[in-house]
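Asker: give me a 3D structure for the following:
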Amino acid sequence: MLTKKQAEKLIKIKGESRGVNLKIDFEYVLEQKGDQALKKVEENMTLLGFPLRYKKINQMDFYPIGIEVITLLTIKDVLRLNEEGLEKMGEAVVKFSIFMKVLMKYFGSLELIAKEVPKIWKDHYTVGSLQMPDFSAKDRFAILEQKGFKIHPVYCSIHKGYFLKATQMVVKKIGTCEETKCMFRGDPYNEFLLKW
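Answerer: Purely as a prediction, here's the structure:
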């Protein structure tokens, strides 16, 4: 269970996250467990000293990235999610995501997606970068590199699920996602290998 002291450290993390990221996390709670679970998340956020209300989140505003981490960890606690549960959450929030709607606009072209991914990332986060340095429609794989984003390990599972589902929606095939490099394991950046 996240403590107030831990939350106070997390809020100091440098960087910001677009409100839409928070909004889709709350929408996941609402869809999966309903109003009572949403209220519990909001109550726990208040107890931690960071009152955040789903209906008051402005999707286009930037919020401290620490607020997003605290929100994700609070959701993890309230819904009792393990690593697999966080991956499933990452998969599920794709349908709420503006990021995914933009990617779908470039459906079928990995080249265009590779070009747009860094721009879309910068629209959502003021820290780190995301790029797709290697991909092949023929060999059915893509590599995503996330640099400068050593925020919290909760993102490893969330993004693994998110990138997997986003890829499946784009290529229209069942696939896999493996986190092949992780800054929390000592690697210089996070890397995800997607196959379909």
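
Asker: contacts and neighbour counts: CA atoms only from here.
Answerer: Noted.

Asker: can you name the next helix or strand after the longest helix seen in the chain?
Answerer: Counting by DSSP state H, the longest helix found in the chain is helix 154-171. Downstream of helix 154-171, the first helix or strand assigned by DSSP states H and E is strand 176-181.

Asker: what comes into contact with that following strand?
Answerer: 156, 160-161, 163-164, 187, 189-196 (Cα atoms under 8 Å, 6 or more residues apart in numbering).

Asker: I'd like the average pLDDT over that strand.
Answerer: Taken as a whole, strand 176-181 has a mean pLDDT of 98.

Asker: mind giving me the packing neighbours of the following helix or strand past it?
Answerer: Under the assignment DSSP H and E, the closest C-terminal helix or strand after strand 176-181 is strand 190-195. Here strand 190-195 touches strand 141-147, helix 154-171, strand 176-181, going by 3 or more Cα pairs under 8 Å, 6 or more residues apart in numbering; DSSP states H and E.

Asker: the ones you listed: which one's closest to Met1?
Answerer: helix 154-171 (13.6 Å; Cα to Cα).

Asker: now list the buried members of the contacts of strand 176-181.
Answerer: 156, 160-161, 163-164, 189-196 (16 or more other Cα atoms under 10 Å).

Asker: among the residues you listed, which pair sits farthest apart?
Answerer: Of all pairs drawn from those, the one with the longest distance (Cα to Cα) is Tyr189 and Trp196, at 23.1 Å.

Asker: residues in contact with the spatially closest residue to Lys4 that is not a sequence neighbour?
Answerer: For Lys4, ignoring the flanking residues on the chain, the nearest one in space by Cα to Cα, 6 or more residues apart in numbering is Leu48 at 4.7 Å. By Cα under 8 Å, 6+ apart, the residues touching Leu48 are Thr3, Lys4, Ala7.

Asker: which of the residues you listed sits closest to Ile65?
Answerer: Among the contacts of Leu48, Ala7 lies closest to Ile65 (Cα to Cα), at 11.8 Å.

Asker: mean confidence (pLDDT) on the helix or strand containing Thr46, please.
Answerer: Using DSSP H and E, Thr46 sits within helix 35-47. Here helix 35-47 scores 98 as its mean pLDDT.

Asker: who's in contact with the following helix or strand past that helix?
Answerer: The C-terminal neighbour of helix 35-47 among helices and strands, as given by DSSP H and E, is strand 62-64. If you take Cα under 8 Å, 6+ apart as the criterion, strand 62-64 is touched by Ile11, Ile13, Lys14, Gly15, Glu16, Ser17, Arg18, Gly19.
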